[in-house]
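Novice: Sharing a model that was predicted from the sequence below.
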Amino acid sequence: AQSVTQPDIHITVSEGASLELRCNYSYGATPYLFWYVQSPGQGLQLLLKYFSGDTLVQGIKGFEAEFKRSQSSFNLRKPSVHWSDAAEYFCAVGADTNAGKSTFGDGTTLTVKP
Amino acid sequence: ETGVTQTPRHLVMGMTNKKSLKCEQHLGHNAMYWYKQSAKKPLELMFVYNFKEQTENNSVPSRFSPECPNSSHLFLHLHTLQPEDSALYLCASSQVPRNGYTFGSGTRLTVV
């Protein structure tokens, strides 16, 4: 079975500061990994994905994430946070098995201080 | 424009009403999903459809009835709901698992 843990429920950073959101996954083989962002009252938007190749992946809005197999992690980073980045962030793991479903973490809420 | 359109955006219904939520995608995706998102709770997968066939029902109460007439449309029929069913209902679609999901903006449902 696949599972995802996002250890941080809530993170606050100052505008312009760097950001790292943590994600750990459990899956027997190489998983498909995703980060999504959700603004209040909206659906989720895919930020980036990893399924093979270069372990550092670039996404939209200046985000990147690094797949570390040895640590079963897929942490999301941004060098300089903008106030508009305040939102909830979800890590997810998927696979070709399990009817192609993705399993989502519980989410991390990001607050940006001016 | 996300590519997945959900209507209505907001819905208030009484416990004895019958209503339907609609989801539409023209992305050519073969799989469609219903998720429930309640305050302070994780995303809950409700139903999965692949090529119009239901492949998963995640122990959802029978007062929720999905329908997938074709690969582009997905409905969630609601009847005799409870106040605890109030939530944001999200529809998503995907082509292949490694591409991830495209979500709609959701329907905010309030049961009174």
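Specialist: Okay, I see it.
Novice: hey, let's count contacts and neighbours off CA atoms from now on
Specialist: Fine.
Novice: Could you measure from residue A:75 over to chain B?
Specialist: 17 Å (C-alpha to the nearest C-alpha, to the nearest Å).
Novice: Isn't that residue up against residue A:23?
Specialist: Yes: here residue A:75 reaches residue A:23: they are 5.3 Å apart, a contact under C-alpha atoms under 8 Å.
Novice: more crowded one of the two?
Specialist: Taking neighbours as other C-alpha atoms under 10 Å in any protein chain shown, residue A:75 and residue A:23 compare with residue A:23 leading, 25 against 18.
Novice: What's opposite the residue most central in space within chain A in the beta bridge?
Specialist: Nearest to the geometric centre of chain A sits residue A:35, at 3.4 Å (C-alpha atoms, centre = their mean). Judged by DSSP bridges, the bridge partners of residue A:35 are residue A:48, residue A:91.
Novice: can you tell me how far residue B:22 sits from residue B:3?
Specialist: Separation of residue B:22 from residue B:3 (C-alpha to C-alpha, to the nearest Å): 14 Å.
Novice: For chain A, what lies in contact range of chain B?
Specialist: Counting by C-alpha under 8 Å from any C-alpha of the partner chain, chain A comes close to chain B at A:32, A:34, A:41-46, A:49-51, A:94-96, A:99-102, A:104-107.
Novice: Can you flag the buried ones in the residues you listed?
Specialist: A:32, A:34, A:42-46, A:49-51, A:94-95, A:100-102, A:104-107 (16 or more other C-alpha atoms under 10 Å in any protein chain shown).
Novice: List the buried residues in stretch B:19-29.
Specialist: Buried-residue list, stretch B:19-29, by 16+ other C-alpha under 10 Å: B:20-25, B:29.
Novice: Residue B:60: neighbour count?
Specialist: 12.
Novice: any idea how far it is from residue A:89?
Specialist: For residue B:60 relative to residue A:89 (C-alpha to C-alpha), the value is 26 Å.
Novice: what about residue B:92, neighbour count?
Specialist: Other residues within reach of residue B:92, judged by other C-alpha under 10 Å, total 28.
Novice: what pLDDT does it get?
Specialist: Residue B:92 carries a pLDDT value of 96.
Novice: Give me the contact status of the lowest-mean-pLDDT helix or strand in chain B with chain A.
Specialist: Of the helices and strands making up chain B, the lowest-confidence element is strand B:53-57, at a mean of 88, by mean pLDDT, DSSP states H and E. Yes: judged by C-alpha under 8 Å from any C-alpha, strand B:53-57 and chain A are in contact via residue B:55.
Novice: next one: stretch B:31-43
Specialist: Yes: applying C-alpha under 8 Å from any C-alpha, one finds stretch B:31-43 in contact with chain A at B:41-43.
Novice: Please, which helix or strand holds the residue nearest to the spatial centre of chain B?
Specialist: In chain B, the C-alpha nearest the mean C-alpha coordinate belongs to residue B:34, at 3.3 Å (C-alpha atoms, centre = their mean). Assigned by DSSP states H and E, residue B:34 falls within strand B:31-37.
Novice: Would you give the sheet partners of that strand, along with the direction of each?
Specialist: By DSSP bridges, strand B:31-37 pairs with strand B:44-50 (antiparallel), strand B:87-94 (antiparallel).
Novice: which of these sits most buried?
Specialist: Most buried of the strands paired with strand B:31-37, by mean neighbour count (mean count of other C-alpha atoms under 10 Å in any protein chain shown): strand B:87-94, with a mean of 25.
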